[in-house]
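Enquirer: Pasting the sequence and the predicted model now:
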Protein chains: 6
Amino acid sequence: MSQKIIVFGEILLRLSPPNHLKVFKSKTFEAHYGGAEANVGASLALMGCDVNVVTALPQNELGASAESEMLSYNMKTNIIRQGERIGIYYFEQGASERPGRVIYDRNNSSFSLLKKGMIDWKSIFKEAKWFHWSGITPALSQDLADVCEEALIIASEMGLTISADLNYRPTLWNYGKKANEIMPNLIQYCDVLLGGIDDSENCLAIQTNEEDSFETVYKNWQDKHPKLKTIVSTLRYDANASSNTIGAVLWNNSKLYRAKEYKISHIIDRIGAGDAFMAGLIYGLIKLPEEPQKTVEYALAASCLKHSIAGDINLASAEDITALMNGSTGGRVIR
Amino acid sequence: MSQKIIVFGEILLRLSPPNHLKVFKSKTFEAHYGGAEANVGASLALMGCDVNVVTALPQNELGASAESEMLSYNMKTNIIRQGERIGIYYFEQGASERPGRVIYDRNNSSFSLLKKGMIDWKSIFKEAKWFHWSGITPALSQDLADVCEEALIIASEMGLTISADLNYRPTLWNYGKKANEIMPNLIQYCDVLLGGIDDSENCLAIQTNEEDSFETVYKNWQDKHPKLKTIVSTLRYDANASSNTIGAVLWNNSKLYRAKEYKISHIIDRIGAGDAFMAGLIYGLIKLPEEPQKTVEYALAASCLKHSIAGDINLASAEDITALMNGSTGGRVIR
Amino acid sequence: MSQKIIVFGEILLRLSPPNHLKVFKSKTFEAHYGGAEANVGASLALMGCDVNVVTALPQNELGASAESEMLSYNMKTNIIRQGERIGIYYFEQGASERPGRVIYDRNNSSFSLLKKGMIDWKSIFKEAKWFHWSGITPALSQDLADVCEEALIIASEMGLTISADLNYRPTLWNYGKKANEIMPNLIQYCDVLLGGIDDSENCLAIQTNEEDSFETVYKNWQDKHPKLKTIVSTLRYDANASSNTIGAVLWNNSKLYRAKEYKISHIIDRIGAGDAFMAGLIYGLIKLPEEPQKTVEYALAASCLKHSIAGDINLASAEDITALMNGSTGGRVIR
Amino acid sequence: MSQKIIVFGEILLRLSPPNHLKVFKSKTFEAHYGGAEANVGASLALMGCDVNVVTALPQNELGASAESEMLSYNMKTNIIRQGERIGIYYFEQGASERPGRVIYDRNNSSFSLLKKGMIDWKSIFKEAKWFHWSGITPALSQDLADVCEEALIIASEMGLTISADLNYRPTLWNYGKKANEIMPNLIQYCDVLLGGIDDSENCLAIQTNEEDSFETVYKNWQDKHPKLKTIVSTLRYDANASSNTIGAVLWNNSKLYRAKEYKISHIIDRIGAGDAFMAGLIYGLIKLPEEPQKTVEYALAASCLKHSIAGDINLASAEDITALMNGSTGGRVIR
Amino acid sequence: MSQKIIVFGEILLRLSPPNHLKVFKSKTFEAHYGGAEANVGASLALMGCDVNVVTALPQNELGASAESEMLSYNMKTNIIRQGERIGIYYFEQGASERPGRVIYDRNNSSFSLLKKGMIDWKSIFKEAKWFHWSGITPALSQDLADVCEEALIIASEMGLTISADLNYRPTLWNYGKKANEIMPNLIQYCDVLLGGIDDSENCLAIQTNEEDSFETVYKNWQDKHPKLKTIVSTLRYDANASSNTIGAVLWNNSKLYRAKEYKISHIIDRIGAGDAFMAGLIYGLIKLPEEPQKTVEYALAASCLKHSIAGDINLASAEDITALMNGSTGGRVIR
Amino acid sequence: MSQKIIVFGEILLRLSPPNHLKVFKSKTFEAHYGGAEANVGASLALMGCDVNVVTALPQNELGASAESEMLSYNMKTNIIRQGERIGIYYFEQGASERPGRVIYDRNNSSFSLLKKGMIDWKSIFKEAKWFHWSGITPALSQDLADVCEEALIIASEMGLTISADLNYRPTLWNYGKKANEIMPNLIQYCDVLLGGIDDSENCLAIQTNEEDSFETVYKNWQDKHPKLKTIVSTLRYDANASSNTIGAVLWNNSKLYRAKEYKISHIIDRIGAGDAFMAGLIYGLIKLPEEPQKTVEYALAASCLKHSIAGDINLASAEDITALMNGSTGGRVIR
C-alpha cells in the first residue's frame, strides 16, 4: 500500500530579526520559508516519509528559494507558478515577559490567487495515502475554501486518510465569513483533527460549557462529524515567551490519552511547535496504528524538540524524538 | 527667506542579501529604508538643509522603523498613517558581469492608497522654499498622479521652486496610462528637471532624432515647458556591475555645462546614485545659484561618492563632496 | 499647557561583545549610544512625548552617530559641539553566575568639558514642562555639578517639574567630593526622586538604621527636602546575571504603593532597566497624576520589558507596557 | 528520448573564512557542499535538466547536510551511506596578488571507500541520456579508478553520452599510479572532454611540442580516442586573484571554435568556474547540438557568471547566461 | 622551586554552528581550538601559571592557528610538526530538552601519529613541577598509550606531581583494548585523579557495589594505587541542555570534602567544564596545599563560570573565581 | 650571535565598521590590536624571528586582549601595566573615490604616561640584535621623546642595530615641538631609516629642492647622520582607496636600488602596509645582508601582500612573500 503523504498550504517567507532584536530598528532579517502545512510535511519527510507539498508560488527568485528550501527537506513539490509575490510574515521573537509578535503581509500572494480547477488533485493524490490541510487556507478567501472542499471531496473519494489542524487565527478571517460558517463543511471529510476546546464554537459551531472536559467536547465533535476517529489537542501552561510547560491529549475510540508533560526551560523558537506535533501525530498514526498512548507521546516529544530548533520546521529525527520519549533529558552531551 | 525643502514620495523597505549573495537561497537580508525622493531629502539633510519628507506608512513596526530611519538623517516627517503594508523591494547586488536586480513587491502599500485631499499641502508648504518629487509616484496609480498634480499646483501657487527626477521605470507604469500621457502635465510646473535623451519620448512625448545633442533636446523640452530653467542628465559608460565611468551635463540659460568624469573602479552600492546627484544639484542650485559649472560638478561628485556607500542614501558630507570636486582621489587615508 | 520634557546628561558609546562573549579576545563590538538620562528621554519619546535631550558631543562621526541615534527615537536635540572624544563604556553581558561588567573610558569626553554658562537653559526650558537629570552628571566634575545647579535653579524659577535619579556609582566620584557633599544641594530642587535606602547616607547624608522601612526613610528625605512629592525605588531579588525578580515602591502623599513583582526568567539586557522605570514613572505621573498605584505598576512593567530588549533604551510602547500591567505574560504570540 | 543526466563524484564540505580572511586565525568558516561533478549536476538542474548525483556520504549530520544541499538544487540523489567522515577542503579566498589556497583534508572519506560492485549502475543509468565524471575520482585510489571504469563500461553499453573533465590535480595522485597510466583507459569511453594542452602528456600520455596549436593537439587526442567528438578547453589570462580574462575553445568535427573573451574585473568566487563551463557545455550540446559556436559561448558565459557567485555552484539561470552571451554587460540594474 | 606545569594531549579544531543552530543545514561554523588537556593548561596560564602544552600538529595553516590560539592564552608550546591533518570535532549546542552532540572526525590526525621516542620528555620536564594528562590520549591508539607510559615514567623519575582526568569516552576506545586494560598501568604513576564512581570498573577495573559511597570507592582506588593522594569527582544533577546543578567532592588524606553546589540556570557552553574544574583543582593544590575544602570549592567555582563562557577554555580569572566562591551571584553588574 | 629583535611603541585598539560601512551609523565595529612598531614585530615573528614588543597597557580586559593578540603572533612581551585606558583609533575603510579615514582617540592612554626610567632597557636589550622604533612615539609627548632617546642611547651602547620609520603624522605633533626639532637628535643613533623626500624638511630639518632625486636627498641625510647605512622609501601612484601602484627604493653604500612595482587592483586593507615593508626590510637586511636588491624587492612584496590582508598586521609568510617576488601573480589557486 502506498505511503505517500500530501500536504497543501501556503509557503511564506518569514523575516525575523536576529538575536531577539525587535523588528523596530532591526537592520537585518533572517529568512525562513515555511507554512503550517509545509512544516508538517517537512518534518514527516525528515522522519523518512514520502511527502509532496502542493502550493502556489511566484515565478521569481523568492518563489525559487521557497521551493529549494522545500526540496532540501527531501519533500517533492507540486507548485502552481502564478502571481507576483510570495506572502510574508515578520516574526519578532519574544523574551521572558515580552511576547513574540507576528506581522502578516500575505495578502495578494500567489497562493491567495488559487481557485477551484487549478490543481490537478486526481493526479496528485494518485498513489497517496494521506492528505493534510489546515484551517489557515480556508481563512484566506472563499476561493481557497472552495479549493479545500474540492481537494477534500477528491481525497475522500480516492480513499486517503485526511487530517486537519484547525489553526484558528481570527485576524485572518477577513472575507466576510466566520470560521464556523466554513469549517464544519470541511471537517466532515476528516479522519484526524487537531483542535482545542476553545475552537469548538469558533471553528465548529459546537457550543461548550465552561466545565466541559475534553471527553465531552470531543464526543460532541465526533457525534457531529462521525468520520473523525482521532482528535488531539496540545496544551500550554505557565508560559512566558522563554519558557513554558506543554502537554497533549489524544481522543480515540472513546478514550482520552494524555502525554506526560514537558517543562521547556529555554525556548529557541516556538513557531511551528503545533506543526511538529501534527507531524509526530501523523507519523505515529501511520507507524503505530494500535498505540494511541505512544502516538500522543511521540507527537508531544516532537513538539517539545521543535521549541529548541530555530526556524519553522522541526529538524529532529525520529531517533531524537524517540530518545526524548524514552527519557533522555538533554542534560548529557551525545558523543 | 525660508530654506525648507519638501520631498514627497514612497519609502520602501529594501531587502538585500549580504556580501553579494543572490536572493536565491539567501538566508539573511539586510534591511534599508529609502525611496527615490526620500533619498534626495536625506542627503540634503546631511548636508545641513532643513528637509521634510511627506509620505504614507502603515501603523506597525515596519512603518515605525521607516520613520525612525528618516528621522535619523535629521529630516522631519509628515506621515499619513494608513493601510497595512510597507512597500518592499528586494535588491540583489551584482558583480562584474552579473547585473544587479530589483524585484518589486510594492503593490497595495500604504503609500499606494494615497488620494487627493489626504495631504494638507498648504500647511506643509508653509515656510518652504523647494519641492521635490519624481516620476515614480505618478507611475503607481492615477490617484497618485492626481496627488502629484495637486501638490504641484499648490506649490506653484505658493512660490516654491520645483524639481523633478523623471526616474522612468517602464515596469511600474501598469494602470493603463503611459508615462508620456501623464508626465507632461506635471512637468509644466517644474523649474528643475533630471532626465536623459532617452526619456524625451517616453516621458515627455517629445520626439528626438538619433543624432540630437543634449542642447537640441533640452531646448525642445524648454520650448514646451518654459518654466524649466535647469535640466540635467547623468551619464554612465563602460559599465559592468562593479565598475563604470560617470559623467553629467547641466543645461541652463541656453548653455550646456559638462562635469569632469569619474572612473569608479569598485562600486559598493549604486542604488541611489541618481538621487545623490539630485541632492547635490539642489544643494548647488541653492548655495551657488550663479555657478552652474560648480553645481554640476558638485552634483556629480556627490553621485560618485554614493557609489562607495552601502544603502540607498548618500552619507557623504558637503565637505567630503567638495574635497572630491577639488581633486582628492581617495588614495590617501585621512588622519 | 506645554508637555515638553527636557533631559540632560552624557551620551556614551557602548561597546559590547556579541553573543555573551567576554571583552577578552572579542573580535567585534556591537555599538549602542545611550546614557542614563538620554535613555529616559528616548523611552518617553517612543511613548509619544515631546522630548529634548541636552548634551555635548564631539564634532566627528562618532558625535554625529550619537545624535543620529537620538533623533531616530523621535527626540529633538540641543547639542554643544566641543571637545575631541565621545565617552565610551565597554559592557560585557554576564550569564548565570558570571556578572555583567562595565569598563568606563569616559574621562576627557566632550561632555566632561561642560561648564556653567555654556548652555542656554532659559531658551531650552521655554515651553517645557519637565526636567530630568541624574546623579551621574555631578559625579563627573565640580564643573558639571555646577552646571546641574545652574539648570536646577533656572528650571525651578521657570516652574518645571524636576525629577532625578540618584544613580549612585561610587567609582565615578573621583574629583575630591563625595556624593553626599554635592547631591543634597541639588536634590532640594526636585519634585520626584528615584533612590533606595542604601543611597540615603551615601547621597543625601541622611543616616538610616538597619530596620528602617521605606516609609521611615522617605519621610526623612521629604522632611529634609520638602519639595519632594514622589519618591520611588526599584527592588531586585534572587538575581544572577540571567534572571531575577524585580519590584518597586512609590511613596507619595505619605503613603507607600507597591507594584506587583515580576520574575524575569531570561534577561536579554539589563542596562537601562532603571532608566526605563524612570521613563515609565514620568509618563505615569504626567498621564495619571491621581493614580500612584497604576503609575508605579506602569513604571515597573516598563522596566520589566526593558530586560527583554537589547541595548540601553526601552523600545516598548505604551501599549506593550499596559498589556503587561494588565496580565499579558508573554506566553502567547501576538498575531 | 530520456533526458536524464547522471553525474558521479565526491561531495566535499568546503570551509572558507568569510570576507577574504585567511585560514590562519580565522574564527568562523562558511560551509558549502560541492564537488567538481556535483557542481556540474547542480548547475544543469538549475537550468532545468533532470539530474541525478551518485556519491557516497557518511550516515551523520554532515552527510545529511550534503544531501540536503544537493536536493535543494533540484537534483535527485543516489547515495551510498558508508564510512565515517565527509571529505573536507579549506578554501582561502585570495585577493589581488595573494593567491587563493586549498588545503585538502579528504583522505579516508566515505567516498574514498567506494569499490567496484557497490553501485548499481544499471539501475541508475536506466532512462538516462548522459553520464559525467571527472579525473579527480580516479586520482583518489585504484578502487575508485576501477569504479570509474565499471561505470564507463556500463554507460557505454547502455548508450549514454559520456563527458569527462580531466581536472588534473597532481597533488591528489598519491596511490602509486600517475594520471597518464590510468586516464587513457578511461577516456576511451568518452564523447566529450574538457582538457588543455598542458594535460596532454600528464593525463593522456600524448606528447606535445611547444608550438602545437589546439587543433594539432586535439587532433592527436581524437586519433588516439576516436570516440571523442567534442573537446574543449578554458583559457585564463592576465590573472591575479581578483581579476582575469577568460576564454574558451571547442573542437568539433575537425574545426576549432573560439568564444569571445570576458574580462572579469571583480571575482567573487572562482571555485567551480570550470564546472560551470562544463555544465554550460553539456547544456549546449543537448539543446543546440548543431551549434558549436553558440555552445562554447554559452559555456563560457556560464563560467563567467560563476566568477560572480559565492560558493562552488553556478546559480545563474539559462536566461541569465543567454543574456550575457547576447551582450548584457552587467552595467544596468534589472528591474 | 620550579612552578612550571606541563600538559600533554591533542588539540582539536572544534566546529560549532552559531546561535544554537543544528549542524544539519548550518551554513557557518564557529572555530575554536582546544582539547581536554590544553584547556586545563590554558586556564592555568590565564590564572598566572607558567604552562607548556606538548602536542603534535600539522605543518599547515590549521596547525598554525591552533598554536597561535594556545600562545594567545600565554602558554608556551612544544609541538611536533608532522602528519597532514588536525583532528576535528563538530559540536552542536543543545537547548532545553535537545542534547548537545559531538561528532568526532579525529582519526589520522597529526597527534594520532605520535610514537614513543618522538618527544624529548627529559628536556620538556626540566624545571617543571607538574604534569597533567587525560584518559583521552591512551584511548586513541596503543602507540599513544605507550607515549603516555613513557612520559609518566620519566615524569615520576624527575619528581613531578602528576594529575590525570579519566575522561572516559567509550566511543574512542576502538583499537582493541578496553580502558581498564590500559589505564590501571598508567594511573599508578598519578598523584591526583579526576574520576567518578561510574569509572571505577570501566577505567580502573575495580568493581563497585551500587550502594558504595565516594569514601568506599576512593579508598579502594587508593589501596590499589597508593601514590594517589587526591581524588576528585564532579557531579551534575537535574540537567537539561540549558541548565543544571553542579557539585564536587574531593577525597584527601582519608577524608571527603564537598563543595557547595551551584544551580546554573542558563548554560552558554558546557564543553570544557570538567577541564576548568581540573585547572581549578591544580591551581588550588599548588596555591593552597593545606586547604582541601577551599581547593574543591575553587575548582567547582571555576567549573561553574566555564558554563557561562563560549568555547572550550575557561576565560575566568582567579579573581573572578574567588569572587564567586565568596558569594558573588552574578546578579550585580560590576562597574 | 643573538637574533632577538626588540620593537617599541604603542598598541592601539582599532575599531572598524565591517564591510566598507562608514563610522556614521555603524552598529558594529571589528576590533584589531596593533601599532606601527608592533605590526613590524608581529610580521617578523610570523617570518620566524625572535621578537619582543615593549609597550604599556592598562590592567584591564582591553589591555589583556592586546597582549593576548601580540602573543598569538608568537611575539614575547614586555609590558608596563599602568594607566586606565588603551588608546583607540577608529578606521573607516575607503572605497574607490571615498578615502579611508582615521579618527584618533589615543590621548591619556597607558602608553602616553610612559616616562624615562620606567623601562628597564638594559635587561630588555640583553641578547638582542636589533631595535626598531618609529616617529609616532616621540610625536606624542616630550616624555615619550625622552624615553626614545633613553632607549636609543642604551641600544647604541649595547651594539644593537637600530631602525626607524619616520612615520610623519602632523596631527599627532601637538605638545609644542615640531618633528624636526625632536627627530634629528634621535635619528643620529639609527642605522636604517624609512622616510621619503617629503619628510626631509618636516622630520630632519634638511631642506630639499623640488628636482632633488632620492640619491641627492639620501646623500644629504647620510652626511648629517653618518651612522645611517640604509635608507628606504615606499612609493604610491595612481591611487584611489581601492587600488594603487606601489614601488620602493633602497639607498645603500651610495647606490639606489629600485624594486619592481606592483599594481594592486583590489585593496583589502592598506593599514600597516608600511609596517609590512619595514618588517620585510629588516628581515632582508638580517638574512641577505649582501643583497640590497633582493632585500628591497622582498620588502615591497611583503607590503604588496599586506594590502590583501585584513587588519593591521601582515600575515604573509616568508614563503608567500618569496613566491610573489619570484613572479607568482595570485592568479592560480594553490592546491
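Expert: Happy to help now that I have it. Numbering: from 1, shown residues only, chains lettered A, B, ... in the order given.

Enquirer: Look up the pLDDT of the nearest residue to A:Asn180 once chain neighbours are set aside for me, please.
Expert: Excluding the flanking residues, the one nearest A:Asn180 by C-beta to C-beta, 6 or more residues apart in numbering or on different chains is A:Ala205, at 3.8 Å. Quick note: C-beta positions are derived from backbone N, CA and C, even for glycine. Reported pLDDT at A:Ala205 in the predicted model: 97.

Enquirer: wait, isn't A:Ala205 in contact with A:Ile187?
Expert: No. Taking C-beta atoms under 8 Å as the contact criterion, A:Ala205 and A:Ile187 are not neighbours in contact, 10.2 Å apart.

Enquirer: Now do the shared contacts for those two.
Expert: None of the residues lies in contact with both A:Ala205 and A:Ile187 under the rule C-beta atoms under 8 Å, 6 or more residues apart in numbering or on different chains.

Enquirer: Have a look at those two and say which one is more surrounded.
Expert: Applying other C-beta atoms under 10 Å in any protein chain shown to A:Ala205 and A:Ile187 shows that A:Ile187 carries more neighbours, namely 22 against 14.

Enquirer: Phi, psi for the nearest residue to that one once chain neighbours are set aside please.
Expert: What sits nearest to A:Ile187 in space, not counting adjacent residues and going by C-beta to C-beta, 6+ apart, is A:His225, at 5.3 Å. The main-chain torsion angles of A:His225 are listed as degrees, to the nearest 10 and equal phi -120, psi 80.

Enquirer: What of A:Ala302?
Expert: Backbone dihedrals for A:Ala302, given as degrees, to the nearest 10, come out at phi -60, psi -50.

Enquirer: Let me know how buried it is, in neighbour terms.
Expert: For A:Ala302, the tally of surrounding residues (other C-beta under 10 Å) stands at 29.

Enquirer: Would you mind measuring from it to D:Lys122?
Expert: 39 Å (C-beta to C-beta, to the nearest Å).

Enquirer: quick one: contacts for A:Cys148?
Expert: In this structure, A:Cys148 makes contact with A:Phe8, A:Trp133, A:Thr137, A:Pro138, A:Leu186, judged by C-beta under 8 Å, 6+ apart.

Enquirer: What pLDDT is listed against the closest residue to chain F within the stretch 201-335 of chain A?
Expert: With C-beta to the nearest C-beta, the shortest gap between the stretch 201-335 of chain A and chain F falls at A:Ala310, namely 21.1 Å. According to the model's per-residue confidence, A:Ala310 sits at a pLDDT of 97.

Enquirer: Other residues contacting stretch A:132-140?
Expert: By C-beta under 8 Å, 6+ apart, the list of residues contacting stretch A:132-140 from outside reads A:5-10, A:35-37, A:40-41, A:106, A:111-112, A:144-145, A:147-148, A:151-152, A:162-169, A:172-173, A:175, A:179, A:182-183, A:186, A:203, A:278, A:282.

Enquirer: who in chain A is up against chain D?
Expert: Taking C-beta under 8 Å from any C-beta of the partner chain as the measure of proximity, chain A contacts chain D at A:Glu67, A:Ser68, A:Glu69, A:Leu71, A:Ser72, A:Tyr73, A:Asn74.

Enquirer: other SSEs contacting the host helix or strand of A:Ala66?
Expert: Assigned by DSSP states H and E, A:Ala66 belongs to helix A:61-72. Packing contacts for helix A:61-72, counted by 3 or more C-beta pairs under 8 Å, 6 or more residues apart in numbering or on different chains; DSSP states H and E, involve strand A:12-16, strand A:28-34, helix A:36-46, strand A:51-57, strand A:76-81, strand B:88-92, strand B:101-105, helix D:61-72.

Enquirer: For the one residue sitting closest to the centre of chain A, which residues are in contact?
Expert: Nearest to the mean C-alpha position of chain A, counting by C-alpha atoms, centre = their mean, stands A:Asp275 at 3.4 Å. Shown in contact with A:Asp275 (C-beta under 8 Å, 6+ apart): A:Ala36, A:Glu37, A:Asn39, A:Val40, A:Ser43, A:Asp165, A:Lys306, A:Asp312, A:Ile313, A:Asn314.

Enquirer: so can I have a markdown table of the helices and strands packed on helix A:61-72 showing mean neighbour count?
Expert: Rendered in a markdown table, the data for those read as follows (neighbours: other C-beta atoms under 10 Å in any protein chain shown):
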| stretch | mean neighbour count |
| --- | --- |
| strand A:12-16 | 25 |
| strand A:28-34 | 22 |
| helix A:36-46 | 29 |
| strand A:51-57 | 26 |
| strand A:76-81 | 16 |
| strand B:88-92 | 22 |
| strand B:101-105 | 19 |
| helix D:61-72 | 24 |
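
Enquirer: what helix or strand is the residue nearest to the centre of chain A on?
Expert: Taking DSSP H and E as the criterion, A:Asp275 maps to helix A:273-287.

Enquirer: just the angle between that helix and helix A:36-46, please?
Expert: Interaxial angle of helix A:273-287 relative to helix A:36-46 (axes from the mean of the first three to the mean of the last three C-alpha atoms, to 10 degrees): 50 degrees.

Enquirer: Which single one of the contacts of A:Asp275 is nearest to D:Glu210?
Expert: Taking C-beta to C-beta as the measure, A:Ile313 is the one of the contacts of A:Asp275 closest to D:Glu210, at 58.7 Å.

Enquirer: Tally up the residues packed near A:Gly48, please.
Expert: A:Gly48 has 13 neighbouring residues, counting by other C-beta under 10 Å.

Enquirer: Which members of the contacts of stretch A:132-140 occur in helices, if any?
Expert: For these, membership in helices holds for A:36-37, A:40-41, A:144-145, A:147-148, A:151-152, A:179, A:182-183, A:186, A:203, A:278, A:282, with DSSP state H as the criterion.
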